[in-house]
Structures are given as structure tokens and as C-alpha cells.
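Novice: Turn this into a model:
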Amino acid sequence: MAATILIADDDAVQRRLVENMVQKCGYEPLVVDSGDAAIAALTASETQAIDAVVLDLVMPGLDGLGVLAKIREAGLTVPVIVQTAHGGIDNVVSAMRAGAQDFVVKPVGFERLQVSLRNALNASALKGELQRIRHSREGRLTFSDIITRSEAMAGVLRTAQKAASSTIPVLIEGESGVGKELFARAIHGSSERKAKPFVAVNCGAIPDNLVESILFGHEKGAFTGATERHQGKFVEAHGGTLFLDEVGELPLATQVKLLRALQEGTVEAVGGRKPVKVDVRIISATNRKLLDLVKGGQFREDLFYRLHVLPLTIPALRQRREDIPHLLRHFLARFCAEENRNITGISGEAMAHLSQLDWPGNIRQLENTVYRAVVMSDGDQLGLADFPQGTAHPAPEGKSLQGEPLVVSPSTAPAMISGNEIPVAASLPTAGGLSILNAAGEVRPLEDLENEIIRFAISHYRGQMSEVARRLKIGRSTLYRKLDEAAAGARASDAT
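Specialist: All right, here's what the predicted structure looks like:
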């Protein structure tokens with residue numbers, strides 16, 4: 001599924017023009033005719049996810065600046081590109097201060113809009129990845145951190161969101177690498193227990209003779225090597241969530257004690273003399289069919305029904321191939337930033353082939369594949385040869401390896417955007433340098449040259465005010481002050 005772009009404009013002709021250009025860029029347009037409708041589309045839970053907004057600044061009722069303010073109040077991180085028919089540095093400053101990422105002047109050209117949308121989606125992908133990593137480390141992951149546009153995932157997400165509002169035991173089933181722990185963390189991060197610990201235990205990685213000690217704790221001297229007291233994962237997760245990954249690997253003897261802990265709400269440490277009361281929410285996960293293990297006598301039936309209260313089955317990546325382009329965009333943005341690589345995208349041939357693979361390792365395999373390609377590639381675009389794991393599987397007969405290329409950075413973007421596309425009070429230079437002399441052959445005033453350099457920098461760095469200030473070696477407050485002064489001078493000149 002292509003990225004969805006929300007277009008908000010009260011002018012029907014302009015809406016249609018921008019809608020056609022968005023479609024030509026390969027994105028899915030969603031059109032509204034007012035600021036209130038834009039906010040409704042952005043905040044409605046039942047509508048499709050919106051990746052970027054093209055917003056008209058001047059609209060009746062709630063105008064563009066009002067929409068930006070409400071977006072900020074709602075805590076939304078969607079990138080916004082503002083457009084206006086009324087040029088002026090004061091409009092640029094107001095929009096940027098309100099949170100807009102870029103700005104264009106009506107009627108916007110196709111190439112200018114394409115560059116802005118690419119930049120917005122690229123920056124949003126990188127910001128989303130950084131936020132996801134930070135939330136994961138801080139235990140604050142929510143369902144907004146899950147990357148999916150698949151219909152197959154919609155029902156799973158709805159069920160998980162309902163489960164988050166209660167303490168019902170959840171059993172997450174799915175193949176290895178589909179993101180079971182991510183879902184568990186999102187359920188915890190969206191629940192009332194989010195301020196309490198989230199403790200994950202990989203049951204398949206613990207030796208059988210240490211499982212009870214790790215889960216329930218042990219007293220000092222309880223067994224050889226127990227030189228100090230250990231409280232155990234249940235006590236550690238008190239008040240929060242205990243995630244039992246690969247729960248089907250637990251030994252039968254431990255399953256008996258786990259069942260009692262779930263029934264009684266107490267745990268007894270190895271070597272302990274009295275049970276300890278605990279309050280934990282249990283989320284378990286498995287890549288095996290627990291019911292088959294029950295039938296084979298490898299898993300207790302009574303414990304199965306204790307854990308299998310609300311089952312969630314996460315589809316494999318091959319069952320939701322429409323998520324692959326979105327995952328590729330996020331992984332590519334992240335690894336390019338981590339490895340300091342300037343890779344602009346993935347070729348159409350490689351995108352088509354990657355979308356056809358079965359991915360037995362699911363999202364984890366896709367992530368590692370992109371990581372390897374970023375590190376090993378010598379070019380500025382990833383092609384089919386950069387994915388040797390994929391080329392080992394030939395394309396199905398009769399299918400063409402041609403698809404929509406993934407662009408995360410405008411590889412063909414001009415070094416300088418045309419002045420006609422940037423809303424400024426005076427004209428921008430249209431050549432690579434500045435003219436020091438005026439038409440009469442006289443040296444221009446220093447103030448004019450300074451203002452022109454600032455406007456040129458805003459154009460060149462496409463409205464990224466922090467980058468403009470850094471390149472000009474001035475503070476952002478100084479930059480905004482100079483822009484305000486230039487705008488005031490332009491208005492005074494127009495008045496005379």
C-alpha cells in the first residue's frame with residue numbers, strides 16, 4: 001500500500017491539481033476541503049493512517065496555522081507541507097514556528113511537490129525509527145510504533161488495543177520474527193500498567209535446572225552456587241507485565257508451579273518457607289501450536305487454558321506483503337543514519353523482487369537483509385545485486401521484476417529550488433551566485449545582500465531553519481529576528 005497524503009484546501013481546482021500530482025508521485029491522496037475536516041481525518045481512529053499533509057494556509061474557518069496548532073496539541077508527528085497563494089517571509093516564519101516541515105507557493109510545480117513529499121516521508125521514517133528505539137528502551141512502546149498498513153493486521157491491532165485496557169491474559173502466536181514481543185510491549189505501553197515494569201523472559205533460553213529459580217527466585221543457600229538471595233522475575237514484574245516468550249518450552253515440572261502462581265497470585269522461591277503475593281499481568285508468546293503440544297503431552301492442558309484466554313495470531317510477512325515497502329523505508333532510513341551512508345533508495349527491480357520473497361524469518365530477516373545491504377553497498381542506490389539472499393530465489397515464471405522504486409532522498413533534486421516556488425517578500429537569485437552590483441553598476445547595500453543570502457539559504461535547504469542557521473553560523477533566534485526585520489521592511493516599502 002502506498003503512503004497516504006492528506007490534502008486540505010478549500011479551492012476545488014487546487015485540490016484537484018494537487019491530488020493529480022500526488023497520484024503521479026505514486027502516493028494515495030485523501031482530500032478534504034477545510035481545516036476542521038483535516039483535523040477530523042488526522043484524529044479519527046477508524047480512518048487510514050496518514051503519512052504526510054499538504055495544507056493550505058488560508059482557508060475559511062480553521063485556517064492552516066490553526067490546523068498546525070491543533071496537530072501540535074494532539075501530539076501528532078505527521079509531517080506537514082504548507083502551501084499558500086500569499087507570499088511573504090512572515091508567512092514562512094509563522095508556518096515554520098507552528099511546526100510545518102516545508103512550504104510551497106500555489107500553483108506548486110510537480111517536481112517541487114515531489115521533492116517536498118520525499119523529504120517529508122524520509123524524515124518521518126527516520127524520526128519514527130528513532131522514536132521507536134527510544135520508546136523500546138524506555139518501555140513506552142504503543143500501537144502507533146507498529147509499522148503496518150495491512151488489512152490482515154487490522155483485526156489483530158483492534159483486538160490487542162481492547163486487551164490493553166484490561167488485565168486479561170494474552171497468548172500471542174506467530175512465526176519467529178513477526179514481532180510478538182513488540183505487540184506485548186505495545187499492549188503494556190497502552191495499559192494502565194505502563195508506568196510499572198515490563199519484564200521479558202525467554203523461556204526457551206533458560207536451562208531446565210534454573211527455570212524455577214529465574215521465574216520464582218531462590219533463597220541464599222537453597223542450592224549449590226546460590227550465594228545470595230534472588231527475587232525472581234515474578235517479583236521483579238510486580239505491578240507491571242510479565243512476558244513469557246516461547247512459553248511452550250517450559251519443562252512440565254515448572255508448568256505445575258507456574259499454574260499455581262497464576263491461580264493463587266503468589267510465588268514461592270526455591271528454598272523459601274512462605275509464599276509472596278504478586279500482582280502481574282501475564283502475556284505469553286509461542287511460535288509453536290500449544291494445542292498440538294497439549295495433545296502430545298508436552299504442555300499441561302489446564303495451564304494452556306489459563307494462558308489461552310485471549311489468543312492473538314500475528315500473520316507472517318508473506319501474508320501481508322503490502323507492509324514490505326513501509327518496513328523497507330523505515331529500516332533503510334534508520335541504517336543509513338546509523339552507518340552514515342547517503343543511500344537514496346531501492347531500485348524498482350529490487351523492490352519488486354523483495355516483495356515477492358516468502359521471508360521465512362519474517363520482519364527480523366527483512367531488517368537484517370537491509371542492514372547488510374546498506375553496509376556492503378558501494379553505490380547510492382540499492383539494486384538487486386545488493387540483496388544476494390533474494391537473488392538466490394528466482395522470480396516466478398511470467399512475472400516481471402519491475403516495480404515502483406523506493407526513494408528516501410531525492411537523488412535528482414536540484415541544488416537550488418527555483419525562487420518562484422518559495423514564498424518570500426522579494427525575488428530570490430536564479431543563478432548560482434549573488435550579484436553584488438545593481439543594474440546601474442553600483443554596489444548594493446549590505447543589508448540587501450544579507451537578506452538575499454538568508455532567502456537563498458532558506459530556498460537551498462528547503463525551509464529547514466535549524467540547518468539554515470547552522471550553515472550561516474547564526475542562532476535560530478537571530479535568524480528569525482532578521483527575517484522579521486526583512487518582512488517589516490518589505491511591508492513598509494509596499495505601503496509607500
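Novice: Settle this for me: Leu244 is touching Gly204, isn't it.
Specialist: No - using Cβ atoms under 8 Å as the test, Leu244 is too far from Gly204 to be in contact (10.3 Å). C-beta coordinates here come from the backbone N, C-alpha and C atoms, glycine included.
Novice: In terms of neighbours, single out the busier of these two.
Specialist: More crowded of Leu244 and Gly204, by other Cβ atoms under 10 Å: Leu244, with 24 against 14.
Novice: Is the more buried one bridged to anything, and to what?
Specialist: When bridges are called by DSSP bridges, Leu244 pairs up with Val201, Ser284.
Novice: how near is it to Ile283?
Specialist: To Ile283, Leu244 is 7 Å away according to Cβ to Cβ, to the nearest Å.
Novice: so how many other residues sit close to the closest residue to His188 other than its chain neighbours?
Specialist: On the basis of Cβ to Cβ, 6 or more residues apart in numbering, the spatially nearest residue to His188 that is not a chain neighbour turns out to be Thr241, at 4.2 Å. Other residues within reach of Thr241 by the criterion other Cβ under 10 Å amount to 25.
Novice: ditto for Thr227
Specialist: Neighbourhood size, Thr227 [other Cβ under 10 Å]: 8.
Novice: Also Glu192?
Specialist: The number of residues packed near Glu192 is 11, by other Cβ under 10 Å.
Novice: what do you get for the one 10 residues further on?
Specialist: Residues near Asn202, counting by other Cβ under 10 Å, number 14.
Novice: Look up the pLDDT of it for me, please.
Specialist: pLDDT, Asn202: 93.
Novice: Now do the contacts for the residue nearest to it when sequence neighbours are not counted.
Specialist: Leaving out its chain neighbours, the residue that sits closest to Asn202 by Cβ to Cβ, 6+ apart is Asp245, at 4.9 Å. Taking Cβ atoms under 8 Å, 6 or more residues apart in numbering as the definition of contact, the neighbours of Asp245 are 180-181, 200-204, 284-285.
Novice: ok, now Phe304?
Specialist: Neighbouring residues of Phe304 by Cβ under 8 Å, 6+ apart: 290-291, 294.
Novice: Weed out the non-buried ones from these.
Specialist: Among those, those classed as buried by neighbour count (16 or more other Cβ atoms under 10 Å) are 290, 294.
Novice: Out of the contacts of Phe304, which is nearest to Leu215?
Specialist: Proximity of those to Leu215 (Cβ to Cβ) peaks at Leu290, which lies at 18.1 Å.
Novice: Just the pLDDT for the closest one.
Specialist: With respect to pLDDT, Leu290 has a value of 92.
Novice: Can you verify my assumption that it contacts His308?
Specialist: Yes - with contacts defined as Cβ under 8 Å, Leu290 counts as touching His308 at a distance of 6.8 Å.
Novice: Mutual contacts of those two, please.
Specialist: Listed as contacting both Leu290 and His308 by Cβ under 8 Å, 6+ apart are Leu171.
Novice: May I have stretch 306-314 exported as PDB, CA atoms only?
Specialist: Taking C-alpha atoms only, stretch 306-314 is exported to PDB below (Å, rounded to 0.1, in the frame of the first residue of the first chain):
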ATOM      1  CA  ARG A 306      -5.100 -20.300  31.800                       C
ATOM      2  CA  LEU A 307      -2.800 -18.700  29.200                       C
ATOM      3  CA  HIS A 308      -5.100 -19.100  26.100                       C
ATOM      4  CA  VAL A 309      -7.800 -16.700  27.400                       C
ATOM      5  CA  LEU A 310      -7.300 -14.100  24.600                       C
ATOM      6  CA  PRO A 311      -5.300 -15.500  21.700                       C
ATOM      7  CA  LEU A 312      -3.700 -13.200  19.100                       C
ATOM      8  CA  THR A 313      -2.200 -14.600  15.900                       C
ATOM      9  CA  ILE A 314       0.200 -12.300  14.100                       C
END
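Novice: Only the buried residues of it, if you could.
Specialist: Under the neighbour-count rule (16+ other Cβ under 10 Å), stretch 306-314 has 306-308, 310, 312, 314 buried.
Novice: out of those residues, which are inside strands?
Specialist: Under the assignment DSSP state E, the buried residues of stretch 306-314 contribute 310, 312 to strands.
Novice: can you pull up the bridge partners for Glu173?
Specialist: Partner residues in beta bridges with Glu173: Thr286, Thr313, with DSSP bridges as the criterion.
Novice: what pLDDT does Ser213 get?
Specialist: Ser213 is assigned a predicted lDDT (pLDDT) of 88.
Novice: Spit out the contact partners of it.
Specialist: 222-223, 226, 230, 232, 270.
Novice: mind listing the strands for the protein?
Specialist: Listed in chain order, the strands of the chain (DSSP E) span residues 4-8, 28-32, 52-56, 80-84, 102-105, 170-173, 198-202, 241-245, 266-267, 276-277, 281-286, 310-313, 345-346, 406-407.
Novice: The fourth one packs against which elements?
Specialist: Using 3 or more Cβ pairs under 8 Å, 6 or more residues apart in numbering; DSSP states H and E as the contact test, the elements touching strand 80-84 are strand 52-56, helix 64-73, strand 102-105, helix 110-138.
Novice: Closest one of the contacts of Phe304 to Ala38?
Specialist: Among the contacts of Phe304, Leu290 lies closest to Ala38 (Cβ to Cβ), at 46.0 Å.
Novice: low-scoring stretches of the stretch 351-496 of the chain, by residue?
Specialist: 389-404, 407-444, 459, 462-463, 487-496 (pLDDT under 70).
Novice: hang on, I meant the stretch 101-250 of the chain
Specialist: Across the stretch 101-250 of the chain (using pLDDT under 70), the flagged ranges come out as 126, 128-130, 132-139.
Novice: start to end distance for stretch 298-310?
Specialist: Taking Cα to Cα, to the nearest Å as the measure, stretch 298-310 stretches 21 Å from start to finish.
Novice: How about stretch 221-232?
Specialist: End-to-end span of stretch 221-232 (Cα to Cα): 15 Å.
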